[in-house]
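> Show me the folded form of this:
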Amino acid sequence: MTTRGPVDPRLWRYARSGRVLLGVVTAAGLVGTACTIVFAACAATMLARIAAEPAERTLAAQGPLLALAGAACAARAAVAYARIRIEHRCAERVVSQLRSASLDAAGRLAVCGREGPEGLRTVVTRGLDDLPPYLTGYVPALALSCTAVPMLIVAIAVADPLSAGIVVGTLPLLPVFMILVGLLTRDRTRRRLDAMTGLSRQLLDLVAGLPTLRALGRERGPEARVRELGERSARETMASLRIAFLSSMVLELLATLCVALVAVGIGLRLVYAEMGLAAGVFALILAPEVYLPLRTVGAQFHAAEQGVSASGRVFALLDAAADLCDSSPDLVAMGTLRVRDLSVAGRDGDAPHRLTAEFPSGVLTVVSGPNGAGKSTLLQVLLGLREPTAGRSDVVDWDRVAWCPQHPVLVSGTLAENFTFLGAPPVDAPESVWACAAVGFDLEWDRVIGADGTGISAGQRQRLALARTLARSAAQPAPRVLLLDEPTAHLDRELETRVLDELRRRAASGDTVVVVAHHASVIAAADAAVDVRAVAHA
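Below is the predicted model:
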């Protein structure tokens with residue numbers, strides 16, 4: 001296995017929002033550290049003056065320093081609040097971008113005849129959900145360790161070189177203990193992810209085969225294995241938590257002892273009048289701040305290790321897709337899509353049968369034909385999800401395609417989770433707000449639905465799928481490819497007109513828009529039409 005640093009550089013390459021997160025965290029860390037130094041200087045100066053001169057023990061005498069210290073505290077609080085808000089927003093975008101990129105990569109590998117790694121479903125869903133603690137906890141703490149700690153040490157050295165020397169001498173103890181405990185935690189975390197992956201795979205297989213098992217009267221057979229996997233997952237989780245709590249205690253105790261060494265040295269020198277009170281108080285206030293980022297790194301590392309392991313598998317998938325498929329001549333990023341003598345064998349015959357057609361950019365093309373003619377199959381061939389039995393077909397580049405299937409994928413969870421599940425921007429992004437307005441989707445985002453959209457109407461399911469498809473397309477680089485299978489089904493005439501107007505606007509902007517439809521109103525709105533036919537077996 002390749003050894004990588006504490007932050008995988010592939011994170012910045014595959015998730016653009018990660019670079020924004022790093023820049024914001026670094027800038028906020030520098031400003032917050034400067035505010036801390038200013039506050040410490042004000043507090044130390046005030047205490048020294050109050051101890052030395054009785055006349056300085058009035059509010060009027062200390063007013064300017066109090067005002068400056070208060071302003072420094074307020075500025076630090078404001079910067080911390082803004083940083084946390086931006087961190088969480090960027091973390092959501094990073095997860096959405098990685099999930100979208102992993103799904104695109106899985107499609108690329110399918111086009112090239114390969115499969116993704118085992119357990120990809122668990123990694124893309126549950127695994128990536130553990131990545132935000134890493135991005136909002138570990139990465140900021142690591143950035144502060146690289147920026148704030150040197151600033152604080154320099155500030156202490158200016159006031160008291162001996163205290164700075166003690167800090168520099170004891171500071172490496174924290175990373176040493178972090179590494180020792182981290183090596184033990186790494187193996188525990190990997191075993192936990194493997195246990196969760198095995199349990200998920202076993203449950204999915206059981207659910208898929210439950211009708212057969214019930215028909216054979218063996219529906220109670222696999223329950224022992226499922227119980228065993230569940231208990232294994234629980235054991236590994238508790239083991240990881242025990243080590244995480246133990247490591248936090250070790251780091252807190254070690255940091256406390258290091259600060260105590262600095263305090264004892266300052267106290268003895270103050271007793272023997274070997275240093276000034278202002279310098280001693282200044283160094284004593286800043287000493288705990290030096291150890292805080294490293295303590296946070298240690299605590300957050302264990303909480304985020306699960307997400308790091310999952311993201312590593314996603315990066316492996318993305319690297320494999322990039323190495324295998326980037327040079328494929330069949331991928332079309334833009335322009336006219338073509339199929340030539342295309343036939344796809346089905347249960348009753350070819351559907352479609354020997355289809356030759358073009359889908360040019362800049363026009364709205366409607367694919368029509370009788371039920372079972374192969375219209376949906378045609379879109380799957382263009383996406384690379386199905387191989388043609390005969391003929392040739394261009395395959396769209398997944399980096400520029402947005403697909404709305406006839407039966408959209410909806411999972412148990414909130415509407416917001418379903419909206420961003422397949423790579424659409426966050427629900428408050430401008431693209432998402434605009435897309436929801438375009439299709440008339442106005443439900444509350446925290447509303448919980450069941451699998452396949454249980455709890456909302458068919459029209460609401462269709463509008464949700466359309467909105468996330470349009471939002472994902474709007475966030476992609478132009479020109480784009482939109483493939484929509486019966487997008488106006490379950491919509492009233494007003495909403496149908498609004499959706500068709502938007503699709504015509506997309507086509508006029510240079511996008512390639514292909515719509516499967518039966519309704520005469522949709523066919524009449526098209527700039528071009530393709531008729532698909534099937535041929536039954538003799």
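> Next up, the contacts around the residue lying closest to Ala75 once chain neighbours are set aside.
Leaving out its chain neighbours, the residue that sits closest to Ala75 by C-beta to C-beta, 6 or more residues apart in numbering is Cys35, at 4.9 Å. The way it works is simple: take the backbone N, C-alpha and C, and place the C-beta from them, glycine included. By C-beta atoms under 8 Å, 6 or more residues apart in numbering, the contact set of Cys35 is Ala72, Cys73, Ala75, Arg76, Val79.
> shouldn't the fourth one be in contact with Ile37?
Right, Arg76. No: the criterion here is C-beta atoms under 8 Å, and Arg76 misses it with Ile37 at 10.5 Å.
> out of these two, which sits in the more crowded spot?
Ile37 (22 against 19; other C-beta atoms under 10 Å).
> From Ala72, how far off is the more buried one?
From Ile37 over to Ala72 the distance is 9 Å, taken as C-beta to C-beta, to the nearest Å.
> Show me what the top helix by length along the chain is packed against.
Scanning the chain for the helix with the most residues, using DSSP state H, yields helix 59-111. Contacts defined by 3 or more C-beta pairs under 8 Å, 6 or more residues apart in numbering; DSSP states H and E place helix 59-111 against helix 10-14, helix 16-52, helix 131-133, helix 277-325, helix 415-420.
> Check the contact between Asp348 and Ala536; I expect there is one.
Yes: Asp348 lies in contact with Ala536 (C-beta under 8 Å); the separation is 5.5 Å.
> got the contact list for Thr296?
Contacts of Thr296 by C-beta under 8 Å, 6+ apart are Gly137, Ala141, Leu144.
> ok, those vs Ala507, which is closest?
Minimum distance to Ala507 across those is 44.9 Å, recorded for Gly137 (C-beta to C-beta).
> If you average pLDDT per helix and strand, which one of the chain comes out bottom?
strand 331-332 (a mean of 50; mean pLDDT, DSSP states H and E).
> which of the residues in the very next helix or strand once past that strand are buried?
Remark: after strand 331-332, the chain's next helix or strand is strand 337-343, criterion DSSP states H and E. Residues Leu337, Arg338, Val339, Leu342, Ser343 are the ones in strand 337-343 that count as buried (16 or more other C-beta atoms under 10 Å).
> Which elements pack onto strand 337-343?
Strand 337-343 packs on strand 355-359, helix 375-383, strand 390-393, going by 3+ C-beta pairs under 8 Å, 6+ apart.
> by contact count, what packs against the second one?
Helices and strands in packing contact with helix 375-383 are listed as strand 337-343, strand 364-368, strand 395-396, strand 401-404, strand 481-485, strand 512-516; criterion 3+ C-beta pairs under 8 Å, 6+ apart.
> One more pass at 6 Å, please.
strand 481-485 (3 or more C-beta pairs under 6 Å, 6 or more residues apart in numbering; DSSP states H and E).
> any idea which helix or strand comes after the strand it packs on?
Going down the chain from strand 481-485, the next helix or strand is helix 493-508, by DSSP H and E.
> So what touches that next one?
In this structure, residues lying in contact with helix 493-508 by C-beta atoms under 6 Å, 6 or more residues apart in numbering are Val363, Leu364, Ala438, Val439, Gly440, Thr488, Val513, Ala525.
> Swap in 7 Å and give it another go.
362-364, 438-440, 466, 470, 482, 487-488, 491, 513, 515, 521-522, 525, 527 (C-beta atoms under 7 Å, 6 or more residues apart in numbering).
> Stretch 389-396 too?
111, 330-332, 337-345, 350, 354, 381-384, 481.
> which residues of the stretch 151-300 of the chain fall in helices?
Secondary structure of the stretch 151-300 of the chain (DSSP state H, counting those that start in this stretch): helices at 161-170, 173-208, 210-215, 223-271, 277-325.
> what's near enough to touch the residue nearest the centre of the chain?
Using C-alpha atoms, centre = their mean, the residue of the chain that lies closest to the mean C-alpha position is Val95, 0.7 Å off. Contacts of Val95 were listed using C-beta under 7 Å, 6+ apart, and they are Leu128, Leu131, Pro132.
> out of the residues you listed, who has the most neighbours?
Counting neighbours by other C-beta under 10 Å, Leu131 comes out on top of those with 23 neighbours.
> thinking that residue is in contact with Ser311, fair?
Yes: using C-beta atoms under 7 Å, Leu131 is in contact with Ser311, at 5.7 Å.
> Can you check which residues contact both of these two?
What both Leu131 and Ser311 touch, as defined by C-beta under 7 Å, 6+ apart, is an empty set.
> Can you tell me which of the contacts of Cys35 are classed as buried?
Ala72, Ala75, Arg76, Val79.
> Turn those residues into JSON lines, including pLDDT.
Below are these laid out as JSON lines (pLDDT from 0 to 100):
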{"residue": "Ala72", "pLDDT": "94"}
{"residue": "Ala75", "pLDDT": "95"}
{"residue": "Arg76", "pLDDT": "93"}
{"residue": "Val79", "pLDDT": "93"}
